[in-house]
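Q: with the sequence up front, the predicted model follows.
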Amino acid sequence: MPKEYTAGQRQVQTHADSTRLADQMAEKVVRAEISSDDKLFIEARDMFFLATIDADGHANCSYKGGEPGFVRVLDESTIAFPIYDGNGMFMTAGSIVDNGEVGLLFVDFDGQSRMRLNGAATLHAEDELISEYPEAQYVVRVKAREVFVNCPRYIHRLELVERSVFVPKSNTQTPVAEWKQKMIENGAGNILSSKDPTVPGD
C-alpha cells in the first residue's frame, strides 16, 4: 500500500466506518510516481497552494502563482518551482530548510479538478534551473512521496480574469509592489534587502 495511515487517521476512519474505502483509495489512487497525465495537469497550472511545517512543528500555507509551466516535472518523482520576491519573511522557504515536508494542492477551477502532491522539498540558491526563471531568488525541488487526484465535488467553478502583472517575465520590467513603493516614498526603503529588484544598483 503506497500510503500508510497514521493512528489518528485510522481512528477517524474507524469512527466513520471508512477503513475499507480508505484502504481501497490508498491501493488504487495514491502513488509515488508522477504519470504523464499528472505532468500535463501540473505544468498547465498557473498557481498552487503550498503547505509547510517549520522547526517548531507549526504549519504554514501559502499561495504560489506564475505563468503556466512555472512548476516543472523533471522526472517521474521530481518537480521544481521558483521562489520569487516576496515580503522578506521567507516563512515557506525557511520552513523547507527547517523541515522539508511539503504538501502541494493543484486546482483547475475552470475544469473543476484537483491533485495533491506530498513529499520532501529542498531549497536551492544556485540551481541549474534558476536562470530559466526570471527574477527567481531560489528554486525548490520536491521529491514526490504521494501523488493522487481528489474528488472534485466541492470545487467551485471559477474563470481566470487576468494573470498577475507582477509575475516576472523575460525582457519585461516587473512593476514595483505598491507597498514597497510607499516604503521608499516614506523614507523606509533602507530596510529592503540589498538584493531586492526594487532597490537601485550602485
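A: Yep, it's here.

Q: nearest residue to the middle of this protein?
A: residue 50 (4.0 Å; CA atoms, centre = their mean).

Q: quick one: contacts for it?
A: Going by CB atoms under 8 Å, 6 or more residues apart in numbering, residue 50 touches 61, 62, 63, 64, 92, 102, 103, 104, 105. C-betas here are computed from N, CA, C, even on glycine.

Q: so what's residue 88 up against?
A: If a contact means CB under 8 Å, 6+ apart, then residue 88 has 192, 193 as its contacts.

Q: which SS state does it fall under?
A: Classification of residue 88 using DSSP: H, G, I helix; E, B strand; the rest coil returns coil.

Q: swap in residue 180?
A: Applying three-state DSSP: residue 180 is helix.

Q: count of neighbours near it?
A: Neighbour count of residue 180, defined by other CB atoms under 10 Å: 19.

Q: same thing with residue 28?
A: Look at residue 28: counted by other CB under 10 Å, it has 10 neighbours.

Q: same question, the one 3 residues further on
A: One way to gauge burial is a neighbour count; for residue 31, by other CB under 10 Å, it gives 18.

Q: tell me the phi and psi of it?
A: Main-chain torsions, residue 31, degrees, to the nearest 10: phi -140, psi 170.

Q: so residue 71 touches residue 80, yeah?
A: Yes. Proximity of residue 71 to residue 80 meets the contact threshold set by CB atoms under 8 Å, at 7.4 Å.

Q: excluding chain neighbours, what is closest to residue 97?
A: Among residues not flanking residue 97 along the chain, residue 123 sits closest, at 5.6 Å (CB to CB, 6 or more residues apart in numbering).

Q: for stretch 155-174, measure first residue to last.
A: 32 Å (CA to CA, to the nearest Å).

Q: so for stretch 117-126, mean pLDDT?
A: Mean per-residue pLDDT for stretch 117-126: 97.

Q: what sits up against that stretch?
A: 34, 42, 52, 79, 83, 93, 96-97, 100-104, 106, 130, 137-147.

Q: show me how far the helix or strand containing residue 81 is from its chain's centre.
A: Element membership for residue 81, per DSSP states H and E: strand 78-83. On the basis of CA atoms, centre = their mean, to the nearest Å, strand 78-83 sits 8 Å off its chain's mean C-alpha point.

Q: same deal with stretch 109-124?
A: Chain-centre distance of stretch 109-124: 6 Å, with CA atoms, centre = their mean.

Q: residue ranges of each domain in this protein, please.
A: 1-29, 31-149 (automatic domain parsing).

Q: most packed of those?
A: Highest mean neighbour count among the domains of the chain (mean count of other CB atoms under 10 Å): domain 31-149, with a mean of 16.

Q: how about the strands in this structure?
A: 47-53, 59-65, 72-75, 78-83, 101-108, 113-124, 138-149 (DSSP state E).

Q: between those strands, which one is nearest to residue 165?
A: When the strands of the chain are compared by CB to CB, strand 59-65 sits nearest residue 165, at 11.4 Å.

Q: what residues of the helix or strand bottoming out on mean pLDDT in the chain count as buried?
A: Least confident helix or strand of the chain, by mean pLDDT, DSSP states H and E, is helix 178-185 with a mean of 80. The neighbour-count check on helix 178-185 (16 or more other CB atoms under 10 Å) flags 180, 183 as buried.
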